[in-house]
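Enquirer: Mind folding the following:
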Amino acid sequence: MIKKIDIQSEEFQIQFELTKQFTNKVCEEHGFVYNPEADVNESIQMGLTRNKLIYNKRYCPCFMVIGNTQEEKDKADNRLCPCTPALEEEIPTNGHCHCGIFCTPSYAKSIEEESPLVEENIHSKGHTKNECEDILKKEQISAHEVEALLEARELGFVNFNLVDTREWMEWVGTRIKGTDYLIPTTAFYQALERIENKKDTPVVVYCHSGSRSAYCQRIMLDMGFKSVSNLDYGIITYQGELESGE
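Expert: Got it, this is the predicted structure:
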């Protein structure tokens, strides 16, 4: 069941402020800094707030919460922010946690110093049917390739399902126009039932920055979906048409 939470409600806004205080404290206690990309931090903070309201715990929003009872959730070893894998493995090794919100100062500095990505000029009408089919075979695809695929689908070149793995509140706020299904990471297995009978149709998944959707991509492939491509840097890189509302 997809949980619908009004992010404009007083309840959410109060808890959102408490979550920001919580993540500030995590940074202070562990010597972390926030991701230089403010949108990444806000997205994760909103996800933590959502989980706090639903489960009364700030479970990591980049992973689904397993278990119905609290006992089952504890046994499933769900990631509770700041999670052990992030503190012991991800941040020391990669410089950032899986979600990307907590970073080492050196990693954050390296991101700030990176030159901006060069934008490609791609349009689906410049692609043949075979080229579009080849894009759908790739594990990671760019925002321009997603835009090209959507236009190619309108032209009848290819068929695929575009899946948003973010949360309902993010989906309502803004999503890629042409998105076929909302399958939130935190309610993934239940929501995935909607496309269980479409495993032979190629799928493109996306989230805010590419992290949650990559996680869902691996699960879908393990479950027998024939082809699943991930929008590598998420909706924040998408320059095509967006829409909002239910």
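Enquirer: next one: stretch 83-97 to chain centre, how far?
Expert: Put simply, stretch 83-97 sits 18 Å off its chain's centre (Cα atoms, centre = their mean, to the nearest Å).
Enquirer: I meant to write stretch 144-163 there.
Expert: With Cα atoms, centre = their mean, you get 20 Å for stretch 144-163.
Enquirer: Kindly report the same for stretch 85-103.
Expert: The answer for stretch 85-103 is 16 Å, by Cα atoms, centre = their mean.
Enquirer: same deal with stretch 156-174?
Expert: Offset of stretch 156-174 from its chain centre (Cα atoms, centre = their mean): 11 Å.
Enquirer: Residue numbering should commence at 56 henceforth.
Expert: That works, and once the first residue is 56, the last one we named lands at stretch 211-229.
Enquirer: buried residues in that stretch?
Expert: By neighbour count on 16 or more other Cβ atoms under 10 Å, the buried set for stretch 211-229 is 212-213, 215-227. (Glycine included, C-beta is placed from N, CA and C.)
Enquirer: pLDDT-wise, which helix or strand of this protein ranks last?
Expert: Ranking every helix and strand in the chain by mean pLDDT, DSSP states H and E puts helix 125-130 at the bottom, with a mean of 86.
Enquirer: For that one, report the contacting residues that lie outside it.
Expert: Tyr110, Val120, Ile121, Gly122 (Cβ atoms under 8 Å, 6 or more residues apart in numbering).
Enquirer: Now that helix: buried residues?
Expert: In helix 125-130, counting by 16+ other Cβ under 10 Å, buried: Lys128.
Enquirer: what are the ranges of the helices in the protein?
Expert: 65-85, 93-110, 125-130, 139-140, 146-149, 160-168, 184-190, 198-209, 223-228, 243-247, 266-277 (DSSP state H).
Enquirer: Just the CA atoms of the least confident helix or strand of the chain, as PDB, please.
Expert: Presented in PDB, the C-alpha positions along helix 125-130 are these (Å, rounded to 0.1, in the frame of the first residue of the first chain):
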ATOM      1  CA  GLN A 125       8.400  -4.000  15.200                       C
ATOM      2  CA  GLU A 126       9.900  -7.400  16.200                       C
ATOM      3  CA  GLU A 127      10.000  -8.400  12.500                       C
ATOM      4  CA  LYS A 128      11.500  -5.000  11.500                       C
ATOM      5  CA  ASP A 129      14.200  -5.400  14.200                       C
ATOM      6  CA  LYS A 130      15.000  -9.000  13.000                       C
END
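Enquirer: follow-up on the earlier one: neighbour-wise, which of the contacts of helix 125-130 leads?
Expert: When neighbours are taken as other Cβ atoms under 10 Å, the top entry among these is Val120 (21 neighbours).
Enquirer: That one reaches Asn133, doesn't it?
Expert: Yes - applying Cβ atoms under 8 Å, one finds Val120 in contact with Asn133, separated by 5.3 Å.
Enquirer: Name the residues contacting each of those two.
Expert: Tyr114.
Enquirer: sorry, back to before: possible to save the contacts of helix 125-130 as JSON lines with distance to Ile166 and pLDDT?
Expert: Formatted as JSON lines, the contacts of helix 125-130 follow (distance: Cβ to Cβ, whole Å; pLDDT from 0 to 100):
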{"residue": "Tyr110", "distance to Ile166": "31", "pLDDT": "90"}
{"residue": "Val120", "distance to Ile166": "29", "pLDDT": "82"}
{"residue": "Ile121", "distance to Ile166": "32", "pLDDT": "83"}
{"residue": "Gly122", "distance to Ile166": "35", "pLDDT": "84"}
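Enquirer: Flag the shaky bits of the chain, pLDDT-wise.
Expert: 56-57, 169-181 (pLDDT under 70).
Enquirer: Pro137 and Asn106, how far apart?
Expert: Note on Pro137: its distance to Asn106, by Cβ to Cβ, to the nearest Å, is 14 Å.
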